[in-house]
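>>> Got a predicted structure plus its sequence, pasted below:
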Amino acid sequence: MIHAIKRCLAILGVAFALALLASCTTSQLVSQQSNPDYVGKSFKSVMVVAVTTDELVRRTYEDRMVALLGQRGVKGIPGYDAVRSRGRVEEADLRQAIGRSGAEGVLITRVTRIDRTSGTVPGATVGVSMGWGGFYGYYSTVWDTVSTPAQTVTGPTWTVSETRLFDAKNGALAWTGVMDTRENDDLGAALTQYLKVIFGAMVDDRVL
């Protein structure tokens, strides 16, 4: 396992909020960064992990990403099939699942922030992640939670999400991208457009 990079970020995340991506149709990539060591060296197999307690959203997202990987000749492995459990997975179990799958890379997507600018937002349980670096340390922290009180806000809703591609062998970060998504009601178009943007960015950066 590589040493964590000494750069600390305070990130507000909602573990179950990946479901909001299913109600959004306007997504744009606001930042992306690739590790030069992995450019032009595509993984032959990748496990896809969606961090959400909504099992339907998790399976739909992972299956669609697996399909896109297949179009590139990369073997995609849905996390729900490899891990075979719901919600947060202990690090030891995750390591075993990755080992059994033979995956060379791990792709993880989670919501980091929701900006609601209209109505009354009820209290919720949210996750706080500090720092970034190797895969296991990153995955473990996205499930850490605290409580937030209800609040009144105005305007539409935006969701900020993050996707990271890791080397399954040493936990090194190969690529990261942040997406900004505006709320809408077209479920099918939402997920299709979201996946197209994030997947296309990884292909353009030659990490897939």
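Good, I have the coordinates. What you see is a predicted model; the values in this text were computed from it and never measured.
>>> Buried by neighbour count: which residues of stretch 73-84 qualify?
Judged by neighbour count using 16 or more other C-beta atoms under 10 Å, the buried positions of stretch 73-84 are 74, 75, 76, 77, 78, 79, 80, 82, 83. Just so you know, the C-beta spots here come from the backbone N, C-alpha and C atoms, and that holds for glycine as well.
>>> same question, stretch 30-49
Counting neighbours by 16+ other C-beta under 10 Å, one finds that the buried residues in stretch 30-49 are 32, 34, 35, 38, 42, 43, 46, 47, 48, 49.
>>> How about the first one, nearest residue that isn't a chain neighbour?
In this case it means residue 32. Excluding its sequence neighbours, the residue lying closest to residue 32 (C-beta to C-beta, 6 or more residues apart in numbering) is residue 177, at 4.2 Å.
>>> ok, the helix or strand encompassing that neighbour: who's next to it in the sheet?
Secondary structure assigned from DSSP states H and E places residue 177 in strand 173-183. Taking DSSP bridges as the criterion, strand 173-183 sits next to strand 24-34 (antiparallel), strand 157-167 (antiparallel) in its sheet.
>>> rewinding a little: in strands, which of the buried residues of stretch 73-84 fall?
By the criterion of DSSP state E, membership of those in strands covers 75, 76, 77, 78.
>>> For the residue nearest to residue 32, list each beta-bridge partner.
residue 32, residue 163.
>>> from memory it sits against residue 27, does it?
No: between residue 177 and residue 27 there is no contact, the gap being 10.9 Å when judged by C-beta atoms under 8 Å.
>>> which neighbours do the two share?
Contact criterion C-beta atoms under 8 Å, 6 or more residues apart in numbering; residues bridging residue 177 and residue 27 by contacting each: residue 198.
>>> picking up where we left off before, flag every buried residue along the strand holding residue 177.
Under the neighbour-count criterion of 16+ other C-beta under 10 Å, strand 173-183 has 173, 174, 175, 176, 177, 178, 179, 180, 181, 183 buried.
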